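[1] whatever this is, show me its structure:
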Amino acid sequence: MLMHLAENSQDIVVPPVEGVAGGGTAYGWTDDGGLHGSNPLKGSIDPTEVQTADLVHVWFMPSTMNVGPQEMPRHLEPINLLAARNERESVQVALRPKVSWVGSGVAGVVQVQCSDLCSTSGDRLVVGQSVRLRHVVPILGVPDALVPLDLPVGQLNLLPGETTAVWVSIDVPSTQAPGQYEGEVIITAVKTDAESRSQYMGKAEKHQLYSELRSCLDIVEPIDGKPLEEVVERVKSASTSLRRVLLSPSFSEFFSDNGPVDIMDEDAISNLSVRVKLNLTVWDFILPVTPSLPAVFGISDTVIEDRFGVEHGTQEWYEALDQHFKWLLQFRISPYFCRWGDSMRVLTYTSPYPADHPKSDEYFSDPRLAAYAVPYSKAVFGSDAAKDYLLKEIEILRTKNHWKKAYFYLWDEPLNLEQYDSIRKMASEIHAYAPDARVLTTYYCGPSDAPLAPTAFEAFVKVPNFLRPHTQIYCTSEWVLGNREDLVKDIIGELQPESGESVQAWMCLLIVCIRGMSRLLEMLTARCSSVTSDKTVRGGLYKPSEEWWTYVCMGPSDPHPNWHLGMRGTQHRAVFWRVWKEGGTGFLYWGANCYEKASVPSAEIRFRRGLPPGDGVLFYPGEVFSSSHEPVASVRLERILSGLQDIEYLKLYASRYGRDEGLALLEKTGVYLGPERYTLEHMPVDVMRGEIFNMCRS
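    Take a look at the predicted model:
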């Protein structure tokens with residue numbers, strides 16, 4: 001019915017469809033009276049003889065919009081973007097068929113390509129290097145997975161009565177010349193041809209098909225002696241892969257009424273295509289390579305081991321972790337790997353290699369990494385050998401310039417006195433070896449069996465005093481604050497960025513005395529030789545200033561900022577607007593790949609039961625969507641990157657005009673006033689960024 005209305009009605013407009021958690025998969029739709037075009041075409045249609053604009057609605061949408069299948073067309077306008085150097089800026093091109101020109105349940109096939117972006121001075125942003133195209137694929141009906149399209153020409157099947165979107169990303173190198181860049185996204189409806197395309201199959205395409213079929217065999221062959229559940233999962237995965245092969249363009253002659261897709265010649269593209277103008281202003285601001293705000297995100301190593309069939313400690317295991325680490329760095333994220341023990345004990349480490357391995361130095365010295373986790377293996381396993389390993393690791397790392405990035409994350413959300421005491425004990429051992437070490441503790445409450453104050457929130461505020469001097473990074477849940485931003489002052493008031501140092505130092509002296517006078521003399525010598533005028537001492541007795549970080553996970557829920565599937569795009573991006581406004585100095589997220597267990601890479605992604613959809617999952621295995629082994633980013637992960645980039649813009653503005661003026665700009669533009677009062681539209685975001693551009697360009 002909707003397909004019939006979309007194709008044959010000029011007056012009826014379909015309303016948006018609500019999504020998960022209140023965001024709406026068609027969020028941002030407005031009733032503009034519909035789009036009036038030419039009369040629907042009748043009969044057999046040859047796209048080589050018809051303007052693509054008569055076959056397909058094409059328009060653009062901001063990166064903060066969730067473009068769902070029910071999104072209604074808008075008028076096509078040129079795209080105008082602003083980006084700093086070393087920044088990624090994204091936009092979406094939406095497509096919706098007006099009529100059908102291919103049978104078998106597909107409305108039509110379009111080719112999607114993008115030109116290089118060129119400036120008048122001859123500088124370029126090259127497709128495939130700086131410019132990428134990805135298909136926005138629904139997860140649980142919500143647009144989320146960004147599956148790469150082939151370059152230079154990608155291809156999409158359009159379904160009757162449904163809107164699909166292409167995510168266009170532009171990465172501006174830090175060395176790119178500022179200026180005005182122009183290019184275009186080209187959409188071309190294509191026909192099918194009676195001749196079998198397999199006759200003209202190239203070597204690369206043959207290799208692709210071979211790899212897909214070989215993968216199916218690899219999945220189903222090693223099933224002897226396997227549990228029935230795993231056998232069933234492997235068969236399902238192989239079926240998915242085979243279906244993907246059969247539905248590929250190489251076999252389109254067998255599932256289409258009219259044969260396979262025909263690549264149109266350049267003249268036809270020029271005459272018939274829809275060309276979306278893309279204008280980009282690159283300005284002279286360079287986003288710092290090292291993020292100003294450390295954002296540490298967990299990657300479950302056990303999920304990698306199970307899904308990709310790699311055994312802990314093997315060469316394949318190191319390669320898999322290395323790939324995930326390097327891939328996540330592009331999002332201004334500082335990854336750490338994690339393995340969970342009992343009662344929320346957690347083993348966290350950024351490098352899987354020992355501290356004296358060259359790869360560890362490579363990881364920790366990477367300028368894109370803002371913070372790294374040092375493993376305290378007793379947090380999960382517990383042994384005397386672990387103590388010796390810890391001492392060796394600390395002794396090596398403290399001699400490095402990157403030691404200032406180090407932190408220890410020992411326990412997630414302690415709940416009772418026993419768990420808090422465990423943190424104290426582990427932190428005491430760490431500080432005996434390194435008084436300047438930073439221990440991070442996440443929490444949303446005080447110990448339940450040792451009330452610290454009359455009310456739950458007062459007890460929450462008193463946690464820093466309860467954990468001092470064993471914790472230096474107090475990482476609190478945004479859920480606890482609700483919409484009471486005034487409570488932030490109470491939290492910060494409990495921290496001691498200056499005066500706490502002397503108390504912590506004397507506590508450490510006492511611990512060290514117990515450990516032995518020789519060790520004390522060694523550290524006193526180190527202190528005397530390394531004291532600096534700003535009282536930051538590497539290898540000495542002073543502890544670092546206390547820091548306040550925050551995190552989100554299951555909570556807070558809608559309408560507060562979080563990264564659950566189906567929330568509004570501005571709601572995803574607002575997580576870091578909130579961090580900046582509240583004055584947080586770091587951020588933690590518990591997991592980026594924590595989906596349900598699977599034993600083959602291409603198995604269907606399932607979110608963990610009991611968690612809001614999307615919680616703990618920010619990217620997907622590439623094998624779920626194609627033969628590619630590269631992870632597939634979510635729309636939410638791209639919005640996380642945008643939020644972290646916004647922080648750099650706001651920091652630049654505050655450095656010129658003061659933090660109060662930066663806060664005023666957030667409110668004046670309507671971007672963010674509080675956890676329940678932030679923009680629902682994209683325009684204020686562009687206004688804020690434009691104001692910073694106008695006020696701060698040199």
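
[2] wasn't residue 80 part of a helix?
    No - according to DSSP: H, G, I helix; E, B strand; the rest coil, residue 80 belongs to no helix; its state is strand.

[3] now it: how far from residue 114?
    Residue 80 sits at a distance of 16 Å from residue 114 (criterion: CB to CB, to the nearest Å). Heads up, the C-betas are built off the backbone N, CA and C, glycines and all.

[4] the two: which is more packed in?
    Neighbour count, other CB atoms under 10 Å: between residue 80 and residue 114, residue 114 has more, with 25 against 13.

[5] which strand residues bridge the more buried one?
    Following DSSP bridges, residue 114 is listed with bridge partners residue 185.

[6] where do the strands of the stretch 201-350 of the chain begin and end?
    Using DSSP state E, counting those that start in this stretch, the strands found in the stretch 201-350 of the chain span residues 274-286, 295-300, 334-340, 346-349.

[7] next one: the strand or helix carrying residue 422 to chain centre, how far?
    With elements delineated by DSSP states H and E, residue 422 resides in helix 417-433, which encompasses its position. Using CA atoms, centre = their mean, to the nearest Å, the distance from the centre of helix 417-433 to the centre of the chain it belongs to is 32 Å.

[8] now stretch 677-697
    Taking CA atoms, centre = their mean, one finds the center of stretch 677-697 at 22 Å from the center of the full chain.

[9] over to stretch 411-430?
    Averaged over its C-alpha atoms, stretch 411-430 has a centre that lies 30 Å from its chain's centre (CA atoms, centre = their mean).

[10] before we move on, what about stretch 599-608?
    For stretch 599-608, the distance from its own C-alpha centre to the chain's C-alpha centre is 19 Å (CA atoms, centre = their mean).

[11] mind listing what the residue nearest to residue 697 when sequence neighbours are not counted touches?
    When the adjacent residues along the chain are set aside, residue 697 lies closest to residue 283, with 5.3 Å between them (CB to CB, 6 or more residues apart in numbering). Under the criterion of CB atoms under 8 Å, 6 or more residues apart in numbering, the neighbours of residue 283 are 82-85, 178, 693, 697.

[12] which ones among those residues are found in helices?
    If you go by DSSP state H, the contacts of residue 283 have residue 693 in helices.

[13] which ChimeraX command selects the buried ones in the contacts of residue 283?
    Only the buried members of these end up in this ChimeraX selection, burial being decided by 16 or more other CB atoms under 10 Å:
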select :82,83,84,85,178,693
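
[14] wait, which of the contacts of residue 283 is closest to residue 289?
    Proximity of the contacts of residue 283 to residue 289 (CB to CB) peaks at residue 85, which lies at 10.9 Å.

[15] partners of that closest one in the sheet?
    Beta-bridge partners recorded for residue 85 (DSSP bridges): residue 286.

[16] next up, the contacts around it.
    Shown in contact with residue 85 (CB under 8 Å, 6+ apart): 172-176, 178, 282-287.

[17] what segments of the stretch 401-550 of the chain are strands?
    Shown for the stretch 401-550 of the chain, the strands assigned by DSSP E, counting those that start in this stretch span residues 406-412, 439-443, 473-477, 547-551.

[18] okay if I get these as CSV plus mean neighbour count?
    Listed next are the strands of the stretch 401-550 of the chain as CSV, based on neighbours: other CB atoms under 10 Å:
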stretch, mean neighbour count
strand 406-412, 25
strand 439-443, 24
strand 473-477, 22
strand 547-551, 22
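
[19] does the residue nearest to residue 377 when sequence neighbours are not counted count as helix, strand or coil?
    For residue 377, ignoring the flanking residues on the chain, the nearest one in space by CB to CB, 6+ apart is residue 386 at 4.2 Å. Counting by three-state DSSP, the backbone at residue 386 sits in helix.

[20] mind checking pLDDT for residue 386?
    For residue 386, the model assigns a pLDDT of 73.

[21] same check, this time on residue 511
    Confidence score, pLDDT, at residue 511: 39.

[22] tell me who's in contact with residue 298.
    With contacts defined as CB under 8 Å, 6+ apart, the neighbours of residue 298 are 335-338, 348, 589-592, 594.

[23] partner residues bridging it?
    Listed by DSSP bridges, the beta-bridge partners for residue 298 are residue 336.

[24] from residue 68, how far out is residue 75?
    Spatial separation of residue 75 from residue 68 under the definition CB to CB is 19 Å.

[25] mind checking which of these two has more residues around it?
    Neighbours around residue 75 and residue 68, counted as other CB under 10 Å, are more numerous at residue 68. The numbers are 26 against 8.

[26] so that one touches residue 142, yeah?
    Yes - judged on CB atoms under 8 Å, residue 68 makes contact with residue 142 at a distance of 7.1 Å.

[27] show me the protein divided up by domain.
    Each structural domain of the chain that the record assigns through the TED database is listed here as a residue range: 52-192+269-286, 295-494+544-634.
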